Every structure is written in C-alpha cells, then in structure tokens.
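K.L.:
Turn this into a model:
(chains A and B)
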Amino acid sequence: MKVSYRWLRDVAPGIGLTADEATARLALRGAPVEEVDDLSEGLRDIVIGQVLEARPHPNADRLTLCRVMGPDGEVPVVCGAPDVRSGSYYPFAPVGAVLPGGFKIGKRKIRGEFSQGMLCSERELELGEDHAGIMLLEGEFDPGAPFAKAAGLDDFRFDVEVTPNRGDLLSHVGIARELHPRGQDGIVLPAFPRTGGNGTGGSGAGAGGHAETAGRAGASFIRGGPEAGSAGVRIHIEDPELCPRYLGAVIRGVTVGPSPGWLADRLRAAGARPINNVVDATNYVMLELGQPLHAFDLDRLADRTIVVGRARPGESLVTLDGEARAVTPEMLMIRDARDPVAIAGVMGGRDSEVSDATADILLECALFEPKQVRATRRALRMSTDASYRFERGVDPTAMETAALRAVELILAAAGGSLDGEVIDACPVPWDAPVVALRPSRVKHLLGVEFTPDKIISLLAPLGYSVATQGDDRIEFVVPGHRSYDTLREVDLIEEVARTHGYDVFPSALSPFRPGTVPDDPLFQLEDRLRARLAGDGISEAQTPALGPAGHGDVPLLNPMSADESCLRRDRLPGLLTHLERNMSRGVRDVRLFELGTAFAPGGDSVPAESARVAVVLHGRREPMQWGGSDRRFDVYDIARVMELIAEEAWPGGAVVPVQGGAAGAEPDGGAAPSTAEASGLAADAFVAGRFFEVVNAAGGVVGRGGEIRPAAIDLPPWAGTVVGTEIELPASPDPRAAVTACELPDQPASQRDVAFLVRGEVAAGEVLRAARAGGGHLLEEAGLFDLYTGDDLPPGTRSVAIRLRFRARGRTLTDKEVDRACRRVLKKVKEATGVEPRS
Amino acid sequence: MIEELRKLQRDALAAIREARDAADLERIRVRYLGRREGRLSGLLRGLGRLSAQERPAAGAAANRAKRSLGDALKGRLAELAAAEPRREPDLDLTLPPRRKWRGTIHPVSQAVDDIWTIFRGLGFTRARGPEVDTEWYNFVALNTPLDHPAADEQDTLYLAPGLLLRSHTSPVQIRTMEKYPPPIRIIAPGMVYRRDTYDATHTPAFAQIEGLVVDEGVTFVDFKATLAEFARRFWGPGTQVRFRPSFFPFTEPSAEVDVKRVIVREDGSEEETDWIEIMGAGMVDPAVLDNVGYDSERYTGWAFGMGPARVALLRHGVRDLRLFYENDMRFLGQFT
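P.N.:
Modelled structure (predicted):
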C-alpha cells in the first residue's frame, strides 16, 4: 500500500510525527514501511521565481526576455514560452540547479542575450505531461523560497507492507488511525479545494464541503431492500449473500476531462496514475477510505438497470483492460437489463466505461463477499486494487461516507449534479460483531496483568466500544474496519498486545519442562556423516530436489520450468550436474557430497520419501604438492567412502563388488528391499563391472557406487574417470550401539609375508578371504599389501602379497606354531581358489 | 670382586669422559654393559662363585656400578649433544606441509547447526516431517483456510490436488503434536518449496527452521525472552532485539523479530547495523492447538520460523543467495 505522508496528515491533523518517526511507529504497529520515497528529492534545487518584467527577445520572435527575482536577486532569463506574465510566480531553476531528469542549468547566451536560469514546465519537473507552457503558480510566494515546499510537493511516499489480515490498512484513513494518538477519533476528512480545474468549473453545489456536511449537497438516501431505485435507475440485488449492500448515485451533467492539479498530484503522490476527473475521484476515495468505487456511463446501461447476480452460462465480458473474459455462473456480475457490465468487486466493463463523451454517470459503492471476490479473481487470474481490498474486507460501516465523499468530489472535479437520492439497496443489515474477553485469559497468554480499565483504554482508540462488562468478562463491539479480523477472544488479546507495544513487555526467561519429543536420530546420523565426509576432504553441496522430467517419477502439477518439473528419484544426477558446472568453470578437482531427500511414487498417491547421501569424486586424490602423487580418484576411493558411510548408517552392513554383469544388475541373493529397487539408487549411473553395492545387515541393497558411466555425465573426453555413490539412509536409525572394548594384547606377534601367484580369473579378494578363513584363531590380521604384475611372472598372472599376523593370548607363539598356522592358510587358499604361493 | 668392580668403573668412566661422539659412547656401552661381551656382565656372571656372605654386598655394588655407568653415558651423551656445533638443517622446513584435501560443510548447514546448538542448550530437541504433505497439514490445520488471502503469501508447488510440497516447516508443528503429548519443545529444520523464480534473495527450494514450544503456563513473556536469548547468543551479546506485530494465520499475537547488530570493523571501531528481520514468530493460535486435540484453555505455546540461508547470507556477507546453490568448489571451500 503506497501512501502519501501529506495525505495521512490531512486526514489526521493531529499526527505530530516526522516522516521518520511515522515509519518507526508504523513498524511497531504491525505495518512496516518497506520504502520511503522523498517526492521532492528531484526538486531540491528548484525555487520560486517571480517574473518582474517580460518583453520580447530582441533577436528572436518566439523567445521572451525576462527579469526574474530568484534566490540571488534579479537575473536575466530567456524563456521559450510565449505567455510569460509579469508579476507572476513560476518554478525557477537558477544557474547550477539540476532538473529531476539530471539536466544541469548553466549560464548561457541565447541569441545574444544572457540567460541565467530557467522557468520550468510541469514536464521538465516531472510533475505532469504538460510542456506547452511554463507552470504558473497561483497565489503569493516569496521569490527564492524552495519550490517543492511552497507548492505543497514536499511529500514522502511510504510503501507500507500490509499483512493479509489488515484490510483496514489499505487506505490513508486506516493507516492514519494507527499513527494518530487518539486513533479513530483523530480522523477528520478535509474539505476538497474549491479550484474548479480545467474548465469543469466546479459548478456543482457543495463542492468543497465536508464529508460530514455532504448533506449540504442535497444528498439523502432512499433505503430499499434487495430492490431500490431513484432518478430513473433501478438496482436489484439477486444474491444478497454475495452482495450485502449496494449504494448507487446518479450524477448528471459531468464534464469528463483531466483532474484538477491537486487531485492528480495527490494520486501521483500515492503512486496512482491520474486518468480522468471522474475515475480519479473514485480512486481518490478508495485510497482515502478503502472503499472501492466504480462509475458507469449511465447511458450505456440498458434500461438504466443494475442487477447484481451471477453470470449466465457462456457469457463473456470485455473488461476495462481490453481483455475479453469468459465468465462462469460461479462468478458474481454487475449486469444491466441485458448483459454483464462489470465483474463484481474485480473490474468494470469497457463498454460502460466513463469516457470523454459521458454526461451522466451511475456511481457504484457496494460491498462484496470476500471469498466470492477472491474465487472469481483467482479463476480469472487477475488482481485489481478493488479485488485486493474486497478480499481482505472492506469496512461495511464506511460505505455511506465513501459514497457521499465520492459524489462530492465528482461534483467538485467534474461538475454536474446529483439527481434524486442516493439509492441504498441494503438487503442484509449490518450487525456489528460482539466479542467477549476475559482479563484473566489476557494474563494467561501474555504473562502480564492488564486491568479491565487498561484493556478498554488500549482498545478504544482502535474503535472498539464496550457492550457489557461483568466479572472477568468484557464484551466489545468490534468496529466495522476490524470486523473481518476480530472474531475471537484471542484476536482481541492480540490487539491488546499490539497497542500496548510488544517492546513494553518484559523479557524474562522462566524455568521450562523438558519436552516429550526425542531428538530425531536421522538428524544425528546426518550430523555424523557431514562431519566425517567433510573430514575426508569432501565438501557439502546443496542442490534442489527438483529436476527435469527424466530425473524423477513424481511430476509437479504447476512447475515453474521444464528443468524443475518433477521430484528427483535420486540425488546423484543432480550432484553430477554440479560437477559439470565446476568443470565448465575450470575447477578440475571436485569432491562433493549431499544429504537430501529422494522421491518415489508411493501408495495412496503420496510419494515415498527417502533420505539419501550422494558423493562424487573427480580429479586428483591429493592436492598438487611436492613429493605428492598425481594419482586420480578411482573406484577404490569411492568404495572407501561407501564403507565410511555404511559404517555410520548401516551397522552390520557391507560394501560388496558387483563383478561383471550389466549395470544395475540384481544383486546376488536378490534380497533387495523393494524401496531401494523402486527408488533407483542411481542404478543406471555406473559402468558395468565397476561398481559396488552397499548391503545392509538384513541383506538388502541400500546403496550403489562406482565409476560413473560417461553417458550419465556431460564432460569433455579428456576429463577422465568420475566416481560417485548414492546411499539411502535409514528413516529411523538405531542409536549407536556401545562398543565393547577389547583389551590390548600382552604378547608379541609373529608376522609372515606370503606372495601368491594369482591367475587372471581369480579375484584377489577371494584369496584374501580364503587366507583369513584358513588362519584360524591364531591369525590376528591378514592384509593385502602388494599387487604386482610384470614380465618376470607367467603371462596372465599377478602376484598378490599378503601379510599375516599371528598372536596368541597369554603366551608367546613358537616358530613351529606359526609355521603350522601358515601352512593351514596356504592349504585353505589352494582349496578355495587353486592359487599357490610364489616360489 | 669389589676391587675389580671399582677398577672397571674407573676405566669405564674415564673412557666415557674421553668419548668424542655418540658412536664412541655406544662402543663403550657394549664393551662394559653389553649383555654377552660386556665386562660388567662378565663380572656379574662370577657372582655365583662367591660365598653367600659376600654375594649381597657384591651384587649391590655391581648394580650401583651399572647405574652409575648408565647415568654417565647419558650425561656424556647430553654433553656431547649440547657441545656439538649446530649443523645446517638437512630438512628445508620452509617447504609447505604435506596437505590433504580439505572438505567443508555447506554454509547453510553450518547456520542450521549453530542455531541448533543454541536451541539444544535451551532444552530443545529436533523433529522432522515429510517434504511432500497435504493441504491439511500445510494450511488448514495451521488455521489457514485456502480461500483466505494468507494462503497466497506462499505460492505453492502442487503434485496433485490437495497434495503439495510443503511451503514452510510449520506442518511439522501439527505432525509432532499429533504424535506426542505436551510439553513440546522442538525445532524442525528442513527443506521447503515455493513457486519462486531464482533471484538474489529467492530460490524455489530453501531451508527453514521451525520452532515450537507448548506447555502449561507458557506466555508471551517466555516467548520474547527465549527468542531474545537465542538472538543474543547467535548474533553476539551487544545485539538488540525488536519484536514487531505481524500476521501469521497460525500464531496470535504474531511478531516479526528484528535484530540490530554491532559489527566491529577491522580498525576496532564499532558500527551498528540497521534492523534486520530474522524470523517470524508468535503465540500458537488456539485453533491450531484445538486441531491437534490439545486443550487450548490449558496449554499455550509459541512458535517461530526462520531461514538459515538468509542467516548465512547476512553472516558471510554474501550478496546473492544463488551462490549457495551453485556449489562451486571455490565458494564452498571458503567456509572452513
């Protein structure tokens, strides 16, 4: 809501705050000012200039040579306008001044005459479109005084953030109510200036009256039920639930044209664009009081009839913005005897719009049901100043004031006269809501004792009056402008807290009871994974869960773009795009992990969510450095990261290679749980024969990782291997089981190294596993410490070196015992794999 | 025997005194104290030939001699080391240390973590809820009728009619209260989604942290005090905290919480920031408590929601939110 600070002070003359103070106060009343525009900022250099003498330029027909009294005394000024009047006052830009457009005035010589400054037009000052002539100022001024102030243009425009519950703040009066110390009682609607403006002459009786004295215009109301009429116009409300009240005023003989300057200035100051005097008058009253109004060209209404009712099937209407809109029977229309002429509470129709040719108008001041207006404007995908206000609730008690004020302003700005009485079709009489409040409950919620008197004194300035008062009970009558928001006791308590001032409440910590909710174990697991993966040199990324259609099975109904049109089935593909992005920026060593949610179609059409961790590794295994290696990440690195994750997330689980076979092949045993299979786990991301699976203690596949298929990632051919993994996390991880510590050995160990000659088809891991199995209880550890291929070995074989460490509890092993154990290892390896030690 | 010991000790001490370097000393050690060839060891082996009366005294003397020689060796070694002129170091210690890759935790996660650390200290636990949720949990149960303009404030991404990506973490309030009885004292970090286009301050998916406290006797005073305490712990002790009236359908009274920080510049001077909005909050609306079957006459509570990405933005002086989600290694690497 954009408001003019001058306007606020005009409707509440008691506001004794500077603009800064006003913004600070509004913030503390729940209406923060997002932006303040100093409207005279561009006019800072402009002063009042009085033309002392104007005579034709000796060397140019169309120029005038003036003597202007300005801030530095008399100066000569050459002016291009033909009608400069001696003795008159004009906005004057002296030498050195900068115009709003940024043009700097210099001392010039024009056709042989010096010119020291410029008399300005409206357009040069960005005050209007008129550039035909310089801007004549009516009245007496001090030459040299600041122009903006003298002309009443020193104003600020506040952009006030209004929350959806505060429809009452969508007007100058509403905001002034929050600023004035006496609130509602401080509001006084000012008289309109008597200037006729642009030839309309202000011939209408009562121009310049006071709202309360609008009766002087001869206005009175003719009260009716759903049907009412006056001055040859009939109004019929067919659907009183959706339109509880409709006021109509017939004004004849208007002259439609530009608004008088003060009115146009006002609208501009509040951020609205002047259109013509009739439309501007309705907009003015809406901005002042919050009541949307509409003026119809009376001659364009068939049978001079207004029917408020639903659209008929198949109807359409061209609205003011030129759009042809198909309307449906759910929508409420304003109709004439034949067709819809406006969408109720949203926008008028173009055919009945006020135009330069309009002589007679019907002014509409109606109340429409908020939900109806909201549903209609949403269905039509539009929002207007009117619908915005109706949706948030328009004060039902301010309608008469608004109607009379608009009549008065139209008469003042566009002439004409009110014909007959103001028609009041009021089928649903207004009942002010009454809400009860217990002072004990105020204390219960706010923690501070408020006496009944204190409560009443806090609420009275907002317009609340006491209906009845009893023991621990005050019944308040809710004012019209708050009647949409204050429906319950707690709503009144909020008003008490707000007007008392949140900052006035004490701030003291009290003891608390611990809650019943245990700390979520998945958060704890994620914390541990974050710390371990970051500690492992991998940086955490965050990518959106939204991806293109191919990346998920759960589409959005209303996506923003094709790139983010569904929920991701896996996180790894998203992470890979961020690897690509790094690479395209020249970052060649990339290690990223992410914790996020993956989505799969679920039962009951609610997608199944699973927590995931994904990792990608690419580039060098260590930073470039002296004595370092250039080795690059490969599948064994990702296997280690997978082990790390499995250790935290799936105790008792294991990382197992998927040898040969197709990518994403069913794991041996086929015990994979359906969730893992259905949700993909990046099954098709890896190169066949170069990936691993994480198997949990129950034998289910809960993750995959390995070398990324080149087709799954968009990198230049020289980029080399990318490895990655995606692992599901348990929805509710078991708390970490306490480890039972082993005592340290008290005896020395014996170590033997054995090299096996392994044929190509035999897996080194099998040899190691057999060695472990064969070592018996004396074998403490068997580790693969060297892998060798060379010309000195038989073709197609590798040398696999394993270090065996033997130890017994409580005694030192003899050489004989160790030799025996070693032979058992060799035997087992031979049996299991056919492999023999290198001789 | 004792005489022999004395002589041995004299000889050995003399040799130790004359030793020039550590190698000399080692030779001396082997010569006298070596297990097999050492002269002292040889003497000790002769102990067995002595009479029972002589043996204890001789044994004690031999041990004394052994200790004294050991001490002398150590002492001379230290002397030599001290006397030795400083040699040029054979290691160039100006070489950079051996490095490993350094990983970092995402700045938004760090913000969540720091926020959690403070609330943990204030007695909170963490709760979690689904990212796909229903209109009931996201709006209706939170006292936000769909035909109210408040439902517009968050333009929502839908999967199907009635089924949506949560537009805030507040549904976790409902889910938690449905599952657990009071007292409730939780925060709920998580991702939320809105139909926003990417710009410097918006992304369609972003992190949020919900907070909820419900118990008997919880008041606006507790609400203010706890959040002010949080703000001071998070933003620094000099931080001023301001509560402004606002509107959220599920809290009443509602507030925006602003902080004004004191920033210490490099030259030591201090500067106050403007008021910065850090969260929306308020007393839990009784309608919300009624919706989960809590007795709203008996229980009261308060709740808040804040954006850790915004917090991270302010903390790290990042101008554009999008930087957080580009995941450029050079950007992430700064948040050690």
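K.L.:
in stretch A:485-495, what's buried?
P.N.:
A:485-486, A:488-495 (16 or more other CB atoms under 10 Å in any protein chain shown). (Each C-beta comes from the backbone N, C-alpha and C, glycine too.)
K.L.:
and B:A82, that's in a helix?
P.N.:
Yes: when DSSP: H, G, I helix; E, B strand; the rest coil is applied, B:A82 is found to be in a helix.
K.L.:
For it, give me the pLDDT.
P.N.:
You'll see B:A82 listed with a pLDDT of 79.
K.L.:
what's the answer for A:P340, then?
P.N.:
Per-residue confidence (pLDDT) for A:P340: 96.
K.L.:
ok, it touching A:G349?
P.N.:
Yes: because the distance of 6.7 Å satisfies CB atoms under 8 Å, A:P340 is recorded as touching A:G349.
K.L.:
then the strand ranked longest in chain B to PDB, C-alphas only?
P.N.:
When chain B is scanned for its longest strand (criterion: DSSP state E), the result is strand B:205-216. As requested, C-alpha coordinates have been extracted for strand B:205-216 and formatted as PDB (Å, rounded to 0.1, in the frame of the first residue of the first chain):
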ATOM      1  CA  ALA B 205      13.800 -24.800  -2.600                       C
ATOM      2  CA  PHE B 206      15.300 -23.500   0.600                       C
ATOM      3  CA  ALA B 207      16.000 -24.500   4.200                       C
ATOM      4  CA  GLN B 208      13.800 -23.300   7.000                       C
ATOM      5  CA  ILE B 209      13.800 -24.000  10.800                       C
ATOM      6  CA  GLU B 210      10.600 -24.200  12.700                       C
ATOM      7  CA  GLY B 211      10.400 -23.900  16.400                       C
ATOM      8  CA  LEU B 212       7.600 -24.900  18.700                       C
ATOM      9  CA  VAL B 213       7.000 -24.700  22.500                       C
ATOM     10  CA  VAL B 214       3.800 -25.900  24.100                       C
ATOM     11  CA  ASP B 215       3.100 -26.400  27.800                       C
ATOM     12  CA  GLU B 216       1.000 -25.100  30.700                       C
END
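K.L.:
pLDDT (mean, whole number) over the helix or strand that that strand is followed by?
P.N.:
Of the helices and strands lying after strand B:205-216 in sequence (DSSP states H and E), the nearest is helix B:220-235. Rounded to a whole number, the mean pLDDT of helix B:220-235 is 95.
K.L.:
does A:A249 sit in a helix, a strand or a coil?
P.N.:
When classified by three-state DSSP, A:A249 comes out as strand.
K.L.:
Please say which of A:P340 and A:G349 ends up with more neighbours.
P.N.:
More crowded of A:P340 and A:G349, by other CB atoms under 10 Å in any protein chain shown: A:P340, with 26 against 23.
K.L.:
Show me what that one is bridged to.
P.N.:
According to DSSP bridges, the residues that bridge with A:P340 are A:R335.
K.L.:
What are the neighbouring residues in contact with it?
P.N.:
When contacts are counted by CB atoms under 8 Å, 6 or more residues apart in numbering or on different chains, A:P340 is found next to A:311, A:315, A:317, A:327, A:333-334, A:349.
K.L.:
Turn the residues you listed into JSON lines, including pLDDT and distance to chain B.
P.N.:
Shown next, in JSON lines, are these (pLDDT from 0 to 100; distance: CB to the nearest CB, whole Å):
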{"residue": "A:A311", "pLDDT": "95", "distance to chain B": "19"}
{"residue": "A:E315", "pLDDT": "94", "distance to chain B": "24"}
{"residue": "A:L317", "pLDDT": "94", "distance to chain B": "23"}
{"residue": "A:V327", "pLDDT": "95", "distance to chain B": "19"}
{"residue": "A:M333", "pLDDT": "96", "distance to chain B": "20"}
{"residue": "A:I334", "pLDDT": "96", "distance to chain B": "22"}
{"residue": "A:G349", "pLDDT": "95", "distance to chain B": "25"}
